[in-house]
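Student: What would the 3D arrangement of this be:
(one chain, ligands or ions: 2)
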Amino acid sequence: MPVETATENLTPQEREQRGEQLKRDGIVIRTYDLWKTYIMGDQEIHAVSGVDVQIKRGEYVAIMGPSGSGKSTLMNLIGCLDTPTKGLYYLNGKLASDMEDDELARIRNKEIGFIFQTFNLLARASALQNVELPLIYAGIASSERSNRAREALRSVDLEQRMYHKPNELSGGQRQRVAIARALVNRPSILLADEPTGALDTHTGDEIMTLFARLHEQGNTIVLVTHEQDIAMHADRIIHIRDGKVERDEQVRSPALPLP
Ligand code: ADP
Ligand code: MG
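Tutor: Residues are numbered from 1 along each chain as shown. Ligands and ions are numbered 1, 2, ... in the order given. Down below sits the predicted model:
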């Protein structure tokens, strides 16, 4: 991928035009020389140091690297949970690296479905209520909320369990509730951080099979993992080391775009 330089010197109008071009080209994630630097006492830690990545709509990409390589920091930037120290980040054509917290929260709710290692479900709420939650934040009316949450639970084969609470579900079922919650807003990307990390091998395989199906249905998936076995489920692996892209590898030909 050619790395365009001097993006920092673009005028606001040029930045906006670049975003529009990215959107026309179906590029949902584009970073230009992205940095995140932490100051610890008199030490600077470059957790992400000069990352240029481009991810197109419909891709299935794994971000892989050893512990401490900067995966979570990069995922937090991509997921608009954090802002970069330097560089540009376009999410679905919008310049997220320039946004203030409230605008970031809005774009995050709209564009990103998060899936975490530890599921992060509300313990006292049913599967259905957990999946409805993002729709409440999005201001969707109650009846439509319920319909869409059921539909999302159906897409992960859990409609039969919609009135169960998390402690009445297995680990794999809990993660499927979390995946339904991530899907329910119809986000531009599903962003999963070690989604099988808390599951046994068999259940983890079932979750990876589900991701494959969601990808076939047209979802864009970005998966963060330190495990080669898990990364191999994706079509493309971006290897991260010391905050830098070490290698960007297409392991499988990407699925044809849906008509
Ligand atoms: P990974 O997810 O690949 O294990 P991280 O992104 O969590 O890596 O961390 C990358 C580097 O940045 C590590 O050296 C880590 O210690 C450092 N780091 C992460 N978060 C912070 C923080 N909030 N403050 C200071 N250093 C941090
Ligand atoms: Mg991490």
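Student: what residues are up against Arg148?
Tutor: By Cβ atoms under 8 Å, 6 or more residues apart in numbering, the contact list for Arg148 reads Leu135, Ile140, Val184. Using the backbone N, CA and C atoms, a C-beta is placed for each residue, glycine as well.
Student: Check what pLDDT it gets.
Tutor: We have a pLDDT of 96 for Arg148.
Student: for it, phi and psi?
Tutor: The phi and psi values for Arg148, taken as degrees, to the nearest 10, are phi -70, psi -40.
Student: Repeat that for Asp25.
Tutor: Backbone geometry at Asp25, expressed as degrees, to the nearest 10, gives phi -80, psi 0.
Student: Equivalent analysis for the one 5 residues further on, please.
Tutor: In terms of degrees, to the nearest 10, the main-chain angles of Arg30 are phi -140, psi 120.
Student: Could you tell me how many residues sit around the residue nearest to it when sequence neighbours are not counted?
Tutor: Sequence neighbours aside, Tyr90 is the residue nearest to Arg30 in space, at 4.5 Å (criterion: Cβ to Cβ, 6 or more residues apart in numbering). Using other Cβ atoms under 10 Å, Tyr90 has 23 other residues around it.
Student: What of Val251?
Tutor: 12.
Student: Quick check: the gap between the residue nearest to Arg176 when sequence neighbours are not counted and Ala96.
Tutor: Spatial nearest neighbour of Arg176, excluding adjacent residues (Cβ to Cβ, 6+ apart): Val156 at 4.2 Å. To Ala96, Val156 is 28 Å away according to Cβ to Cβ, to the nearest Å.
Student: what residues does this protein put near ligand 2?
Tutor: Near ligand 2, the residues belonging to the chain are Lys71, Ser72 when assessed by Cβ under 5 Å from the ion.
Student: Tell me where the chain has helices.
Tutor: With DSSP state H as the criterion, the chain has helices at 12-24, 71-78, 101-111, 127-137, 142-155, 171-183, 201-216, 228-231.
Student: Name the residues that touch the fourth one?
Tutor: Counting by Cβ under 8 Å, 6+ apart, helix 127-137 makes contact with 109, 121-122, 125, 144-146, 148-150, 152-153, 158, 161-166, 169, 177-178, 180-181, 184-185, all of which sit outside it.
Student: Now with 6 Å, please.
Tutor: With Cβ atoms under 6 Å, 6 or more residues apart in numbering as the test, helix 127-137 has contacts from 109, 121-122, 145, 149, 152-153, 161-162, 164, 177, 180-181, 184-185.
Student: Would you mark the buried spots in it?
Tutor: Buried residues in helix 127-137, counted by 16 or more other Cβ atoms under 10 Å: Ala127, Leu128, Gln129, Asn130, Val131, Glu132, Leu133, Pro134, Leu135.
Student: I'd like the distance from that helix to the chain centre, please.
Tutor: Centroid separation for helix 127-137 versus its chain: 18 Å, with Cα atoms, centre = their mean, to the nearest Å.
Student: what's the angle between that helix and helix 101-111?
Tutor: 130 degrees (axes from the mean of the first three to the mean of the last three Cα atoms, to 10 degrees).
Student: in the sheet, who's paired with the closest residue to Arg15 other than its chain neighbours?
Tutor: In space, and not counting its chain neighbours, Arg15 is closest to Leu95: 5.7 Å by Cβ to Cβ, 6+ apart. With DSSP bridges as the criterion, Leu95 is bridged to Tyr90.
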